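Enquirer: below: sequence and its predicted model.
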Amino acid sequence: MNKIESKSDTKATLLAMGAAARLAARQLALASPDIKNQALAHMAQAIRADALLIARENAADLAAARSKDLKSSFLDRLTLTPERIEAMAKGLDDIAALPDPIGRVTESWTRPNGLTIARVRVPIGVIGIIYESRPNVTADAGALAMKSGNAAILRGGSDSYRSSAAIVAALQRGLVQAGLPKEAIQMVPTMDRDAVGHLLSGLDGTVDLIVPRGGKSLVARVQQEARVPVFSHLEGICHVYVDKASELGMATKIVLNAKMRRTGICGAAETILVDRACAASHLKPLITMLIEAGCQVRGCAETQAADPRVTPASEEDWSTEYLDAIVSMKVVAGLDDAMAHIARYGSQHTDAIITGDEQAARRFLAEVDSAITLHNASTQFADGGEFGFGAEIGIATGRLHARGPVGLEQLTTFKYQVSGTGQIRP
């Protein structure tokens, strides 16, 4: 992939990419499911064939990142092991196996005058996807956009530039092998931050949607500057509420997984809330388990009293997405207090309750205003693959069009097809 040589070239290059993406999107919208699935199969084969090249480029990205003394959680998100590269390829195979949403009739009805009206799924068009650090998002985003009939313009983080460029080259080779235009998946060939501004402008009307996936500052910039619709993916300040009717063994297992399975993902739990009614039996074991697993615990006064190893939690801690082996912990006065805390400090991403009380569970699932609510399950299930979507571009925390994991169906819109037999309106 050729880099832009100067800032003066950035706008012209992005406009040309937008125009090419618009043409590719028209071709993709008419491509059959078989052709798109063939492209995905070729793309998966290309990822596997280029595994060593991708690993080498990723090693260069990692070396540059380590020289900046970045956090271990960031380096983990950036790292592509052989297993993760294979998982990328398998993800493409999984997307190919999913039903194609394009052309699906979601509802149809016949009016008294004999007109038949059908609501039919169609692609959105050209999607600009802006993300940070995780090069595996490159494959997921490109493949999901293509399968749903959309062209994608990808702008990954500068720290993963080499890795993403190698992945996009493989994806484009797969597209061409299936007879589809390589411009269906493009990557912005510069680390210049001005490129993001041009993309957010809509590139003279060629971009239909922006999907940001990254930290709070990135999403805030996108929401402030975008001139086209945005699927917001804000930070994941996820909670696990341990209710008085919870079984300690289950609570311990779920809290450990929710926090420590992978600390650097948006579905990782950042705050544990414990019902005061079960604090005597549950609080100390939960703290011990987390600390022994290598997690730093920051807690309220009652949490600190239960274990001297707990450090005081500040007001800022309750609204912090650590993305690291750190958790805030608070004793609350029951379900209503837990839900009030989540409403005040949460990011409407993913929140869980652990309880054997079905009524409490129903209230939590219905009343907590988050994209995903869970009962007796880890917050780390906040993932498109785990939902059966094959993969995801992100977790949308807004309320319009898409909410939760953004997979194939969420990357479509609809049109109405009306059939008549000569009717005219009186």
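Expert: Arrived safely, thanks for sending. All figures in this text were calculated on a predicted structure; none of them were measured in a lab. Residues are numbered from 1 along each chain as shown.

Enquirer: ok, then the element right after the strand or helix carrying Gln186?
Expert: Taking DSSP states H and E as the criterion, Gln186 maps to strand 185-187. Later in the chain than strand 185-187, the nearest helix or strand by DSSP H and E is helix 194-200.

Enquirer: now that following helix: buried residues?
Expert: By neighbour count with 16 or more other C-beta atoms under 10 Å, helix 194-200 contains the buried residues Ala195, Val196, His198, Leu199, Leu200. C-betas here are computed from N, CA, C, even on glycine.

Enquirer: the strand holding Gln186 pairs with which strands, parallel or anti?
Expert: strand 151-155 (parallel) (DSSP bridges).

Enquirer: and the partner strand, how far from the chain's centre?
Expert: 15 Å (C-alpha atoms, centre = their mean, to the nearest Å).

Enquirer: and for stretch 151-158?
Expert: 14 Å.

Enquirer: give the rounded mean pLDDT of that stretch.
Expert: Stretch 151-158 carries an average pLDDT of 94.

Enquirer: who touches that stretch?
Expert: 17-18, 21-22, 24-25, 28, 125-135, 137-138, 141-142, 145-146, 164, 168, 183-188, 191, 195-196, 199, 207, 214 (C-beta atoms under 8 Å, 6 or more residues apart in numbering).

Enquirer: now list the buried members of these.
Expert: The neighbour count (16+ other C-beta under 10 Å) marks 17-18, 21-22, 24-25, 28, 125-135, 137-138, 141-142, 145-146, 164, 168, 183-188, 195-196, 199, 207, 214 as buried among these.

Enquirer: middle-most residue in the chain, spatially?
Expert: For the chain, Gly394 is the residue whose C-alpha lies nearest the centre (C-alpha atoms, centre = their mean; 1.5 Å).

Enquirer: over to it: give its phi and psi.
Expert: When quoted as degrees, to the nearest 10, the phi and psi of Gly394 stand at phi 170, psi -180.

Enquirer: identify the residues contacting it.
Expert: Residues near Gly394 by C-beta under 8 Å, 6+ apart: Tyr131, Val211, Pro212, Arg213, Phe231, His233, Cys266, Pro405, Val406.

Enquirer: does the third one have beta-bridge partners, and which?
Expert: According to DSSP bridges, the partner residues bridging Pro212 are Ile130.

Enquirer: what is the neighbour count of it?
Expert: Counted with other C-beta atoms under 10 Å, residues neighbouring Pro212 total 27.

Enquirer: OK, contacts around it?
Expert: For Pro212, the contact set (C-beta under 8 Å, 6+ apart) comprises Ile130, Tyr131, Leu218, Val219, Val222, Val230, Phe231, Ser232, His233, Gly394.

Enquirer: and the fifth one, which of the three is it?
Expert: For Val222, the reduced secondary structure class is helix; criterion used: DSSP: H, G, I helix; E, B strand; the rest coil.

Enquirer: let's have the chain start at 7 instead
Expert: In the new count, where the first residue is 7, that last one comes out as Val228.

Enquirer: does it touch Val234 like I think?
Expert: No. At 10.2 Å, Val228 does not count as touching Val234 under the criterion of C-beta atoms under 8 Å.

Enquirer: when the two are compared, which one has more neighbours?
Expert: More neighbours sit around Val228 than around the other of Val228 and Val234, counting by other C-beta under 10 Å; the figures are 23 against 18.

Enquirer: residues touching that one, list them.
Expert: Ile136, Leu206, Ile216, Pro218, Val236, Ser238.

Enquirer: just to revisit the earlier point, mutual contacts of Val228 and Val234, please.
Expert: Residues touching both Val228 and Val234 by C-beta under 8 Å, 6+ apart: Leu206, Ile216.

Enquirer: report the spatially closest residue to Lys17, excluding sequence-adjacent ones.
Expert: Spatial nearest neighbour of Lys17, chain neighbours left out: His204 (5.5 Å); criterion: C-beta to C-beta, 6 or more residues apart in numbering.

Enquirer: hang on, isn't the one you found packed against Asp15?
Expert: No. Using C-beta under 8 Å, His204 is not in contact with Asp15; the gap is 11.3 Å.

Enquirer: is it correct that Ala358 falls within a strand?
Expert: Yes. Per three-state DSSP, Ala358 lies within a strand segment.

Enquirer: alright, I will stop here.
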